[in-house]
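Have a look at this prediction, sequence included:
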Amino acid sequence: GEDVEQSLFLSVREGDSSVINCTYTDSSSTYLYWYKQEPGAGLQLLTYIFSNMDMKQDQRLTVLLNKKDKHLSLRIADTQTGDSAIYFCAERRTGRRALTFGSGTRLQVQP
Amino acid sequence: DTGVSQDPRHKITKRGQNVTFRCDPISEHNRLYWYRQTLGQGPEFLTYFQNEAQLEKSRLLSDRFSAERPKGSFSTLEIQRTEQGDSAMYLCASSLALPETLPQTYNEQFFGPGTRLTVL
């Protein structure tokens, strides 16, 4: 997804917070999503945010959206080894059903 | 298991052969999507159906690719004359479209485990 960019890799220690960042280019995006992909498993929707929101919190997950800068972040509090996976940011543009994904951020959680 | 299922999970073929993949969506879902994911990349949209109608196709879907959803339930994706560049994970997803008269929601797409294609 050349229109959605993410850093490739993040390493944190167990118990720390993780922050995964994403930038997108299309200002018509209506919904922005975070998906998790574990080896051998399908993509799992973690959370989403509507474009008129600035923040959304869901248990250990906090999503921040800066529409002016077209920047989205996912914060995972108290990161656990089970959170090790690839995290994808995705956008859905107005009038379209397709999702445009970033290339994913591999999160490694060190015990 | 009532999730999205895909068959086969793995396919190895020789260049020039035709392959066909199947996707069974979640039973009440009327939208079905195909994506392709290459190593180290995120999924890229190929096409989607609402019921049996194919409503959108990506420019990635060359004329060697064809997708069908004849009865609005399962879907097949066929690749003719495969090339090494077709090697990828092919992902299927499904979602439930709400009537336009209702407030639209985030329209979660549920993904299957994928079919990994290797073209030798």
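In hand now; what should we look at? Treat the numbers as computed from the prediction; the structure is a model and nothing was measured.

give the contact list for residue A:21.
Neighbour list for residue A:21: A:6-7, A:71-73, A:105 [criterion: C-beta atoms under 8 Å, 6 or more residues apart in numbering or on different chains]. Yep, even glycine has a C-beta here, placed from its N, CA and C like the rest.

Could you list everything it pairs with in the sheet?
Taking DSSP bridges as the rule, residue A:21 bridges to residue A:73.

Check the gap between the residue in chain A that chain B sits nearest to and residue B:10 for me.
Residue of chain A nearest chain B, by C-beta to the nearest C-beta: residue A:101 (3.2 Å). According to C-beta to C-beta, to the nearest Å, residue A:101 and residue B:10 sit 22 Å apart.

Can you pull the residues of chain A lying near chain B?
Within chain A, the residues that sit near chain B (C-beta under 8 Å from any C-beta of the partner chain) are A:1, A:4, A:31, A:33, A:35, A:40-45, A:48, A:50, A:88, A:90, A:92, A:96-104.

what's stretch A:79-87 in contact with?
A:6, A:12-18, A:20, A:34-38, A:46, A:74, A:76, A:104-109, A:111.

which non-adjacent residue is nearest the residue of chain A closest to chain B?
Excluding its sequence neighbours, the residue lying closest to residue A:101 (C-beta to C-beta, 6 or more residues apart in numbering or on different chains) is residue B:42, at 3.2 Å.

now residue B:39
residue B:88 (8.0 Å).

which residues does that neighbour contact?
B:36-39, B:116-117.

How about it: which residues does it bridge to?
Beta-bridge partners of residue B:88, as defined by DSSP bridges: residue B:117.

Quick check: pLDDT value at the residue nearest the centre of chain B.
Central residue of chain B (C-alpha atoms, centre = their mean): residue B:34, 2.4 Å from the mean position. We have a pLDDT of 97 for residue B:34.

what bridges to it?
residue B:47, residue B:92.

That one against residue B:54, yeah?
No - counting by C-beta atoms under 8 Å, residue B:34 does not reach residue B:54; the two are 10.0 Å apart.

which neighbours do these two share?
Listed contacts common to residue B:34 and residue B:54 are B:47-48, B:67; contacts here mean C-beta under 8 Å, 6+ apart.

Columns pLDDT on top of these, output as a markdown table?
As requested, the shared contacts of residue B:34 and residue B:54 are exported to a markdown table (pLDDT from 0 to 100):
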| residue | pLDDT |
| --- | --- |
| B:47 | 96 |
| B:48 | 95 |
| B:67 | 97 |
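
give me the low-pLDDT residue ranges for the chain?
By default, I'm working from chain A. Applying pLDDT under 70 to chain A flags residues A:1-2.

looking at chain B here, not the other one
B:1, B:99-106.

tell me which parts of it are close to chain A?
Counting by C-beta under 8 Å from any C-beta, chain B sits next to chain A at B:3-4, B:31, B:33, B:35, B:40-45, B:48, B:55-56, B:58, B:91, B:93, B:95, B:106-114.

and the residues you listed, which of them are in strands?
Mapping these onto strands (DSSP state E) picks out B:31, B:33, B:35, B:44-45, B:48, B:55-56, B:91, B:93, B:95, B:110-111.

Quick one, which of those are buried?
B:31, B:33, B:35, B:44-45, B:48, B:91, B:93, B:95, B:110-111 (16 or more other C-beta atoms under 10 Å in any protein chain shown).

with these in mind, which one is nearest to residue A:67?
Among those, residue B:45 lies closest to residue A:67 (C-beta to C-beta), at 23.0 Å.

close enough to count as contact, that closest one and residue B:58?
Yes - with contacts counted by C-beta under 8 Å, residue B:45 reaches residue B:58, the gap being 5.1 Å.
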